[in-house]
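S.K.: Sharing a model prediction with you, sequence too.
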Amino acid sequence: MTLEQRQLDTMTADKEKRRAISREAARRRRRIESDVFRDLSRLLPLQLSAQTHLDKPSIIRLSLSTTGTKYGPVVQGGEEQQICDRRLDCEERETQEVKTLEETSMYLRMLEGFLMVISTEGDMIFLSDNVSKYMGLTQTELMGHNIFEFTHPCDHEEIRNNLRLTGEEVWCRPKRDFIIRIKSTLTHRGRSTNLKSASWKVLHCQGCVKVCLTPSSVSCLLLTCQPLPLSHTLLSTHTFTSQHRMDMRFTYCDQSVTLLLGYSPDELLGRSIYELCHALDTNCLTKNHLNLCWKSQSVSGQYRMLVKGGGYVWVESHSAVIPGVRPSKSRRCTHQPLCILCVTYVLSGVEEPSLQLSLDQTIHSYMS
């Protein structure tokens, strides 16, 4: 073997050795990177089944969105200790998930909606995993994104007002109650479509603001979100339905109103619902009316409705605008709303029955 051949063999061996070292270093980097991403995914507020299906970009996005909120222990120590801690922590989390799964599922079924945590900047920090049941979009598709990307542009100002904190609210744990329109990929048949074909779903959001004063934490809104249905099938004896013109004047009311409020349906025709509302609660009805005009659906919150014989009852109205017939080539009419449909739930018995708060109550009391 010549000197040139020996030098060539030595160079080849060195090159192969360097390649092997480089491959081993790359494998080690990938292994460390995978361990880091696995540890990050374990700290996310997701079920273990969801954590195992996350890709790296999703883990980064979700980790950034939950910055400032601690959801799990940080693994420290040597590599063997980390592996041991991970195994024990996973076993503990699996046991805890099994114990709380039924309880959480029961709460969410009772809620008939989903949970959402939003930072004061509008970032969706957390959503309960049943969000896909109502919106079609999954928990991991929404978390880490800004709520303004998925809500109707006309509702952005109202969302900003609810995200904004005043100096007084910092200390009083303020409550929030508002209605928004958000993108939904669910069709009327319950199937899921793509985001470009998404429709608007109306959500009733209630909750409070959690204020964090430490620099490393994030102030946020803790909300329960309930989609408003177009129809109500679970009606009780303490419920009556009514139809109204767009100015909230009665055009129809069922017979249940007589038992609950004392008025006959004919007595209410042509009258405004504002005439039956307690004077101190007109703002509640006005807000509900505006939501109906802008968003087609609304829930009033609790207000007082006057009883014919005197006094009042506490009620809550769920309302929807029923659209008219769409125009076509043979029908040149404009697309106008047909009416407002209200389902009113009576929440209390008659309070202060001897108190007259309207002329109707005074006349009825005088004549009786």
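M.R.: All right, it came through fine.

S.K.: switch to C-alpha atoms for all contacts and neighbour counts from now on
M.R.: Will do.

S.K.: any idea what sits nearest Arg304, other than its immediate chain neighbours?
M.R.: Trp314 (4.6 Å; CA to CA, 6 or more residues apart in numbering).

S.K.: Buried residues, the helix or strand containing the one you found. List them.
M.R.: In the assignment (DSSP states H and E), Trp314 maps to strand 312-323. By 16 or more other CA atoms under 10 Å, the buried positions in strand 312-323 come out as Tyr312, Val313, Trp314, Val315, Glu316, Ser317, His318, Ser319, Ala320, Val321, Ile322.

S.K.: And stretch 245-263, by the same measure?
M.R.: Those would be 245, 248-253, 256-258, 260-261, 263, for stretch 245-263 by 16+ other CA under 10 Å.

S.K.: residues in contact with that stretch?
M.R.: Here stretch 245-263 makes contact (CA atoms under 8 Å, 6 or more residues apart in numbering) with 237-244, 264-265, 268-274, 289, 293, 306-309, 337-340, 346.

S.K.: Would you map the helices across the chain?
M.R.: Here the chain has its helices, by DSSP state H, at 3-42, 48-51, 56-65, 79-111, 131-135, 139-142, 156-163, 256-261, 265-268, 282-295, 359-367.

S.K.: show me what contacts Thr237?
M.R.: Residues in contact with Thr237 (CA under 8 Å, 6+ apart) are Ser256.

S.K.: so what's it scoring on pLDDT?
M.R.: On the pLDDT scale, Thr237 is placed at 76.

S.K.: Then Asp177?
M.R.: Note on Asp177: pLDDT of 87.

S.K.: ok, it - contacts?
M.R.: Applying CA under 8 Å, 6+ apart, the residues near Asp177 are His204, Cys205, Gln206, Gly207.

S.K.: burial count for Arg191?
M.R.: 9 (other CA atoms under 10 Å).

S.K.: so how far is Leu115 from it?
M.R.: Arg191 is 22 Å from Leu115, where distance means CA to CA, to the nearest Å.

S.K.: next one: Val313
M.R.: Separation of Val313 from Leu115 (CA to CA) stands at 31 Å.

S.K.: same check, this time on Leu276
M.R.: 35 Å.

S.K.: What's the per-residue pLDDT of Ile363 here?
M.R.: On the pLDDT scale, Ile363 is placed at 77.

S.K.: now swap in Leu268 and tell me
M.R.: At Leu268, the model reports a pLDDT of 93.

S.K.: Likewise for Leu127?
M.R.: Turning to Leu127, the model gives it a pLDDT of 87.

S.K.: show me the contacts for it.
M.R.: Taking CA under 8 Å, 6+ apart, we find Leu127 in contact with Phe114, Leu115, Met116, Val117, Gln139, Leu142, Met143.

S.K.: Any stretches of the stretch 51-200 of the chain with poor pLDDT?
M.R.: 51-56, 58-59, 61-111, 167-170, 190 (pLDDT under 70).

S.K.: Pull out the buried positions in stretch 337-346.
M.R.: Buried-residue list, stretch 337-346, by 16+ other CA under 10 Å: Pro337, Cys339, Ile340, Leu341, Cys342, Val343, Thr344, Tyr345, Val346.

S.K.: can you check stretch 289-297 too?
M.R.: Within stretch 289-297, the residues that count as buried by 16+ other CA under 10 Å are His289, Asn291, Leu292, Cys293, Lys295, Ser296, Gln297.

S.K.: Would you mind giving me the confidence score for the fourth one?
M.R.: Right, the one you point to is Cys293. Looking at Cys293, the pLDDT reads 88.

S.K.: Please flag which of the buried residues of stretch 337-346 sit within strands.
M.R.: Per DSSP state E, strands hold the following members of the buried residues of stretch 337-346: Pro337, Cys339, Ile340, Leu341, Cys342, Val343, Thr344, Tyr345, Val346.

S.K.: before we move on, back to that, can you flag the buried ones in the contacts of Leu127?
M.R.: Phe114, Leu115, Met116, Val117, Gln139, Leu142, Met143.

S.K.: any idea how far the nearest residue to Cys212 once chain neighbours are set aside is from Ser119?
M.R.: Excluding its sequence neighbours, the residue lying closest to Cys212 (CA to CA, 6+ apart) is Ser219, at 4.9 Å. Distance, Ser219 to Ser119, using CA to CA: 6 Å.

S.K.: same check, this time on Lys183
M.R.: 19 Å.

S.K.: related to what we said a few turns ago, please tabulate the buried ones among the contacts of Leu127 in CSV, including the columns distance to Ile159.
M.R.: Shown next, in CSV, are the buried ones among the contacts of Leu127 (distance: CA to CA, whole Å):
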residue, distance to Ile159
Phe114, 18
Leu115, 16
Met116, 14
Val117, 13
Gln139, 21
Leu142, 17
Met143, 17
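
S.K.: Just give me the closest of these to Ile60.
M.R.: Checking the buried ones among the contacts of Leu127 against Ile60 with CA to CA, the nearest one is Met143 at 11.3 Å.

S.K.: you'd agree the closest one is up against Met124?
M.R.: Yes: counting by CA atoms under 8 Å, Met143 touches Met124, with 5.3 Å between them.

S.K.: quick check, nearest of the buried residues of stretch 245-263 to Arg173?
M.R.: Here the nearest of the buried residues of stretch 245-263 to Arg173, counting by CA to CA, is Met248; it sits at 34.4 Å.

S.K.: State the distance from the closest one to Lys183.
M.R.: Distance, Met248 to Lys183, using CA to CA: 28 Å.

S.K.: now swap in Gln206 and tell me
M.R.: As judged by CA to CA, Gln206 and Lys183 stand 18 Å apart.

S.K.: With neighbour numbers in mind, choose between these two.
M.R.: Counted by other CA under 10 Å, Gln206 and Lys183 do not tie: Lys183 has more neighbours, with 20 against 17.

S.K.: what bridges to that one?
M.R.: Partner residues in beta bridges with Lys183, using DSSP bridges, are Trp200.

S.K.: No further questions, thank you.
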